[in-house]
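Visitor: What would the 3D arrangement of this be:
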Amino acid sequence: MLLVGVGGIGGHVALALSAAGVGRLTLADFDHVDNTNLARQTLFSADDIGKPKVEVAARVLRERYPDCGIGTIDARIDEPTLENHLDGIDCIADASDNFATRFSINRVAVSRSLPLVSGSAIRWEGQVATFGPNYDSDPCYACVYSPDDESLDDCQGAGVLASVPGTIGQIMATEIIATIVGQPRTPLMTVWDARAGRIAQLALYKRTNCPVCALSQD
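Guide: Residues are numbered from 1 along each chain as shown. Model (predicted):
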């Protein structure tokens, strides 16, 4: 199991998966703990400021759940880096905080026929979606989003309510567990609106002209 991003969402995912008994979890993140992270990233404390996130997260998880094997990738994630760390990986979880990384992860997931569980949060809202692994019929991340979409934003630029990443992380962890035990959801996106206190589910469809997964059928 590979988790990309151990910040606000990813920290909650890592805790939930380790507690649930996931045997092997690899954490990937190139960032260092910053004071601005502490309000929503529960794996870290003020004493960790300036330290690599994966180093701190791995230490905390090993102390709490010694039976869970924790690996780390302290590097910016791109396609070559991912390709070098996929041995034994049966699912990718994307809790990264930028869209360039998300599109790279998606391309690798499609090329390797790996299920991808994606979670994100911004302002008062968060969403979780599961893609693949049969990309001949299942949609991929690029079926839903385009790099040219001007509506794409991130929590650093737009802000996020501190409690939203925690909720999204728990939903995401549940989707991951369902996927790795062989009970993946029908392709859909779960959207949580914290301001309205409402959860919606949106059907996802494969885009016939998708520049990523349509090519996998050639």
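
Visitor: all helices for the chain, in order.
Guide: Listed in chain order, the helices of the chain (DSSP state H) span 8-20, 53-64, 79-83, 99-112, 141-144, 155-158, 163-180.

Visitor: Any buried residues in the first one, and which?
Guide: Taking 16 or more other C-beta atoms under 10 Å as the neighbour-count basis, helix 8-20 is seen to contain the buried residues 8-18. No exception for glycine: its C-beta is placed from N, CA and C like everyone else's.

Visitor: Now that we have those residues, can you turn them into JSON lines and tack on pLDDT?
Guide: Formatted as JSON lines, the entries for the buried residues of helix 8-20 read as follows, by pLDDT from 0 to 100:
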{"residue": "G8", "pLDDT": "94"}
{"residue": "I9", "pLDDT": "96"}
{"residue": "G10", "pLDDT": "97"}
{"residue": "G11", "pLDDT": "96"}
{"residue": "H12", "pLDDT": "96"}
{"residue": "V13", "pLDDT": "98"}
{"residue": "A14", "pLDDT": "97"}
{"residue": "L15", "pLDDT": "96"}
{"residue": "A16", "pLDDT": "96"}
{"residue": "L17", "pLDDT": "97"}
{"residue": "S18", "pLDDT": "96"}
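
Visitor: Of these, just say which sits nearest to N37.
Guide: G8 (7.7 Å; C-beta to C-beta).

Visitor: farthest pair in the buried residues of helix 8-20?
Guide: Spatial extent of these (C-beta to C-beta) is set by the pair G8 and S18 at 16.9 Å.

Visitor: Any chance of the helices of the chain in JSON lines with distance to A203 as columns?
Guide: Written out in JSON lines, the entries for these read as follows (distance: least, C-beta to C-beta, whole Å):
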{"stretch": "helix 8-20", "distance to A203": "23"}
{"stretch": "helix 53-64", "distance to A203": "34"}
{"stretch": "helix 79-83", "distance to A203": "28"}
{"stretch": "helix 99-112", "distance to A203": "19"}
{"stretch": "helix 141-144", "distance to A203": "11"}
{"stretch": "helix 155-158", "distance to A203": "26"}
{"stretch": "helix 163-180", "distance to A203": "16"}
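
Visitor: from these, which stretch is densest packed?
Guide: Among the helices of the chain, ranked by average contacts under mean count of other C-beta atoms under 10 Å, first place goes to helix 8-20 (a mean of 24).

Visitor: And the residue nearest the centre of the chain?
Guide: Residue closest to the average C-alpha location in the chain (C-alpha atoms, centre = their mean): D94, at 2.1 Å.

Visitor: isn't that one right next to I105, touching?
Guide: Yes - under the criterion of C-beta atoms under 8 Å, D94 makes contact with I105 at 5.0 Å.
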